[in-house]
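Participant: A structural model of the following input is requested.
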Amino acid sequence: MLESRRKFKRYDLPLGVKFRPTYGAKDYSMGEAMNLSCGGLGLNAYDFSFFIYENLELIIETAGNGNSVSLFGDVLWKRQAGKRCVAGIKFRMKDESLQKETIEKIFSSSDIPAGNIYTNDLRYVVYEKTKSIPVSEWADPDWKLLSLPNKLGFIKQYHDSGKKCKVTFRLIREMAKNTRNVTIVGDFNNWDIFKSPMKRLENGDFVITMELDSKREYRFRYLIDGHRWESDWYADRFVGNEYGFKDSVVIV
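Facilitator: A predicted model of the protein is given here:
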């Protein structure tokens, strides 16, 4: 048995959740949130095939208004009975202030004051220990380390020389919404809004792979349909710009 302490008070808000691996090409699976706190949630789902420590994209419905928000979280434990699975998800985003703002939106839609969600809960709870999976069944050899991987960020492929790096950027469909065109604009293309159009995938995500000089940092943003700017939640960091907004930064 695995003993764990809940740091924050949890609320039973049965909100719909769509989820998938951060870097996976899989379609979203459907589930329901349970025991939601500012630190994470319990996820009740069917056919939950993701590994412990897998990082997931989470699209969580907000109460009463038909809207949704995007978060990211790691699978810390899971307990499975047939096709039904309950998993513990710990929220983890690179921008902690954005994570806090998003979580407060979820609770605000359920009329729970922000001050209440940060109340400590010192009760102990006991979870059943997850059955270990043989190394041969892991899809990624890096999982053999059984340590928490940094699944957030861009896909970076460095050349043997180390001087160049291919970086794949992705704007997920929940951020793009009903977008027709997306271009990536930044230091790497002199902020030319026409130079680097992104490709729309069948699932609605927009992607582009660019070859960049390594040992540099590049500011960038996404331009949606020629009039709406969007930051990248996967960014290595964020830097304020002269217009009062934050530019995303990729470090190669």
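
Participant: and this protein, what are its domains?
Facilitator: 2-145, 155-251 (automatic domain parsing).

Participant: lowest mean pLDDT across those domains, which one is that?
Facilitator: Lowest mean pLDDT within the domains of the chain: domain 2-145, a mean of 72.

Participant: how about the contacts made by residue 67?
Facilitator: Going by Cβ atoms under 8 Å, 6 or more residues apart in numbering, residue 67 touches 61, 109. Using the backbone N, CA and C atoms, a C-beta is placed for each residue, glycine as well.

Participant: against residue 102, how distant is it?
Facilitator: Using Cβ to Cβ, to the nearest Å, residue 67 is found at 12 Å from residue 102.

Participant: can you pull out the helices in the stretch 101-250 of the chain?
Facilitator: 114-117, 173-176 (DSSP state H, counting those that start in this stretch).

Participant: contacting residues around residue 116?
Facilitator: Contacts of residue 116 by Cβ under 8 Å, 6+ apart are 9, 107.

Participant: which of the helices of the stretch 101-250 of the chain sits closest to residue 59?
Facilitator: Proximity to residue 59, assessed across the helices of the stretch 101-250 of the chain by Cβ to Cβ, is greatest for helix 173-176 (5.4 Å).

Participant: in the closest one, which residues are buried?
Facilitator: 173, 175-176 (16 or more other Cβ atoms under 10 Å).

Participant: show me the strands in the stretch 51-200 of the chain, by range?
Facilitator: 55-61, 68-81, 84-91, 124-127, 155-158, 164-171, 182-186, 199-200 (DSSP state E, counting those that start in this stretch).

Participant: any chance of a markdown table for the helices of the stretch 101-250 of the chain, columns distance to residue 246?
Facilitator: Listed next are the helices of the stretch 101-250 of the chain as a markdown table, based on distance: least, Cβ to Cβ, whole Å:
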| stretch | distance to residue 246 |
| --- | --- |
| helix 114-117 | 22 |
| helix 173-176 | 15 |
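
Participant: which of these sits closest to residue 9?
Facilitator: From those, taking Cβ to Cβ, the stretch that ends up closest is helix 114-117, at 7.0 Å.

Participant: dump the C-alpha coordinates for that closest one into PDB.
Facilitator: Output in PDB follows, covering the C-alpha atoms of helix 114-117 (Å, rounded to 0.1, in the frame of the first residue of the first chain):
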ATOM      1  CA  ALA A 114     -10.200  31.100  -4.700                       C
ATOM      2  CA  GLY A 115      -9.200  31.400  -1.000                       C
ATOM      3  CA  ASN A 116     -11.000  28.100  -0.200                       C
ATOM      4  CA  ILE A 117      -9.100  26.000  -2.700                       C
END
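
Participant: can you give me how far it is from the chain middle?
Facilitator: Centre-to-centre, helix 114-117 and its host chain are 23 Å apart (Cα atoms, centre = their mean, to the nearest Å).

Participant: buried set for it?
Facilitator: residue 117.

Participant: what of stretch 54-70?
Facilitator: 54-63, 68-70.

Participant: who does residue 220 bridge with?
Facilitator: As for beta bridges, residue 220 partners with residue 186, residue 248 under DSSP bridges.

Participant: just the one 10 residues further on next, same as before
Facilitator: Beta-bridge partners for residue 230, by DSSP bridges, are residue 222.

Participant: tell me if I'm right that it and residue 177 touch.
Facilitator: No. With contact defined as Cβ atoms under 8 Å, residue 230 does not count as touching residue 177 (9.8 Å).

Participant: okay, the two: which has more neighbours?
Facilitator: When residue 230 and residue 177 are compared for neighbours, residue 230 comes out ahead with 16 against 11, by other Cβ atoms under 10 Å.

Participant: okay, and the beta partners of the residue nearest in space to the middle of the chain?
Facilitator: By Cα atoms, centre = their mean, the chain has its centre lying nearest to residue 72, at 2.9 Å. With DSSP bridges as the criterion, residue 72 is bridged to residue 57.

Participant: all set, thanks.
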